[in-house]
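Trainee: Just a sequence and a predicted model for now, questions to come.
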Amino acid sequence: MKMKSWKNKKGFTLVELVVVLGLLSLLFAGAAGGLLAYSRYAKRRQNNEYARSIYYAAQAALTHEKASGLLAKLTKQVEASEASVYLQEEMEGARRWLLMKERNESDGLLCSLLEPYITQDILADAAVFVEADLEAGIVYAAGYSSQADGFLPVQDGIEAVFYKGLSKEEHSHGREAGKDFGYYGETGA
């Protein structure tokens with residue numbers, strides 16, 4: 001009987017297969033990480049563009065209210081609204097208000113103010129805020145989040161809030177919450 005030579009056999013060894021599969025898994029993990037990062041970047045960019053649109057829509061609405069002589073009426077409505085927060089009075093008498101819309105809210109003061117200037121699909125399932133001086137008709141900032149349930153004013157700005165099925169008194173938020181909302185305002189971005 002003649003013995004067959006192993007040198008003439010063609011194929012892959014188990015070690016070669018393991019090395020190739022390991023390298024492929026590293027490549028796929030890197031590609032998946034890149035796609036995930038790009039997805040987050042695209043979402044953040046979309047939120048920023050929506051915040052910009054809301055900023056300009058709010059400025060147009062306040063300009064229209066000012067030209068119509070209805071800013072005082074709007075200010076009284078905002079003062080009576082639960083969806084607005086008085087922020088501060090500045091040196092020159094400017095009074096900053098924060099008008100807010102929570103994600104589950106379908107209409108309200110902010111929606112009715114922005115409705116003629118912006119499409120409803122932008123506002124439909126998102127939390128929105130507009131910071132403005134209603135007596136002067138000036139918008140300072142706008143924010144948009146399709147993931148947060150709402151916004152809260154904090155010591156050094158605005159923070160996105162994720163209620164996660166909790167009551168408003170037990171809301172949960174953190175450093176990571178404020179990173180994924182779009183902002184457009186005084187600083188220009």
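Mentor: Perfect, thanks for sending it.
Trainee: going forward, measure contacts between C-alpha atoms and count neighbours the same way
Mentor: OK.
Trainee: Please tell me I have it right and residue 47 contacts residue 144.
Mentor: Yes: at 5.8 Å, residue 47 counts as touching residue 144 under the criterion of C-alpha atoms under 8 Å.
Trainee: which of those two has more neighbours?
Mentor: Using other C-alpha atoms under 10 Å as the criterion, residue 47 and residue 144 rank with residue 144 on top: 34 against 24.
Trainee: would that one count as being in a strand?
Mentor: Yes: counting by DSSP: H, G, I helix; E, B strand; the rest coil, residue 144 is found in a strand.
Trainee: Tell me which residues touch it, please.
Mentor: Each residue near residue 144 by C-alpha atoms under 8 Å, 6 or more residues apart in numbering is listed here: 47, 48, 50, 51, 126, 127, 128, 129, 181, 182, 183.
Trainee: Before we move on, what's the pLDDT of the fourth one?
Mentor: Which is residue 51. At residue 51, the model reports a pLDDT of 91.
Trainee: For it, give its distance to residue 99.
Mentor: The spacing between residue 51 and residue 99, counted by C-alpha to C-alpha, to the nearest Å, is 14 Å.
Trainee: ok, the two, which is more surrounded?
Mentor: A direct count of neighbours by other C-alpha under 10 Å for residue 51 and residue 99 places residue 51 higher, at 27 against 21.
Trainee: wait, the more buried one sits on residue 143?
Mentor: Yes: with contact defined as C-alpha under 8 Å, residue 51 reaches residue 143; the gap is 4.9 Å.
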